[in-house]
Every structure is written in C-alpha cells, then in structure tokens.
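J.: Quick one: sequence plus predicted model below, questions after.
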Amino acid sequence: MSLSPGIDVLVIEDDADIRDVIVLVLAETGYRVATDANGLAGLDYLRCRPLPRLILLDLAMPVMDGVTFLVAKQSVSIWAPVPVVLMSASHERRVEAAFATVEVFLAKPFGTDRLLTTLAGMIGEPQAA
C-alpha cells in the first residue's frame, strides 16, 4: 500500500479503542487524521476546520448518531461532496446505511488491509501490486 501524505481523514467513532487503532494505522500509512467521538462534534469540526478528504463514520454513537450526522452533512452544500465510509457491527444499521446514500460500508470488525484498501479506493489512490 502506498503512503498517503497530506490526505486529511476525519474519524468519527465513539469507541476510543477502535478510534485509536484506526488513527495508528492511518497515521503510519501517511494520512493526517483528526478524530471526534460523536456526530455533533464531527459537525463542529466541519464548521471550524478545513474539510477532510474523507470521513470514516461510526453509525451507533451517543449524542448524535451517524445517520443524523449524514443528514446534517448532506444539507450543507460545501460538505455534501466529502465522501463517507460508514462503519458498524450491526446488521440493522447496515440496512439504515443503504438508505443513507453512502458509497461504502465497512462491517466491524474489519482488518487493516480492508481499511486501507477502502480508503485508497475512495480517494483514487493506486493500489500496491
């Protein structure tokens, strides 16, 4: 997998252990990673910071869940084009995601190779042979 220097990714995940592992894997691969623990904090990030190239979004979170975040994100024209990868261990949440107009769903648990391949595909990076 090629390095991804300078590509900003926002990870919105309430489970600190999962969030930390994702950050570690992405940072080691060259991504610049910002994190938030719920959808409301993620919206605050989008309001106050330069837009990320991609968002990794958990569906089941306290304060504001992933679907509510997506609806709010899509309602702001400059945020709407930012691609989102939804993550969840729940089959029911996967069905919800199908109606949320997202391109990719990562079923938890997922491996680092799957994570990196998914992100590279979303941002149009060439895959390692």
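T.: Now that the structure is in, tell me what you want to look at.

J.: Does the residue nearest in space to the middle of the chain lie in a helix or a strand, and which?
T.: Centroid-nearest residue in the chain: residue 56, 0.6 Å away (criterion: C-alpha atoms, centre = their mean). For residue 56, the host element (DSSP states H and E) is strand 54-58.

J.: repeat for residue 86
T.: Using DSSP H and E, the element containing residue 86 is strand 84-88.

J.: which outside residues touch that strand?
T.: 13, 54-60, 66, 70, 73, 94, 97, 100, 102-108, 110, 118-119, 122 (C-beta atoms under 8 Å, 6 or more residues apart in numbering). Just so you know, the C-beta spots here come from the backbone N, C-alpha and C atoms, and that holds for glycine as well.

J.: Give the bridge partners for residue 84, please.
T.: Taking DSSP bridges, one finds residue 55 as the beta-bridge partners of residue 84.

J.: Relative to residue 13, how far out is it?
T.: Computed as C-beta to C-beta, to the nearest Å, the residue 84 to residue 13 distance reads 13 Å.

J.: so what's in contact with those two at the same time?
T.: 56-57.

J.: right, and the helix or strand after the lowest-mean-pLDDT helix or strand in the chain?
T.: The weakest-scoring helix or strand in the chain, judged by mean pLDDT, DSSP states H and E, is helix 91-98 (a mean of 58). The first helix or strand that comes after helix 91-98 along the chain, using DSSP H and E, is strand 104-107.
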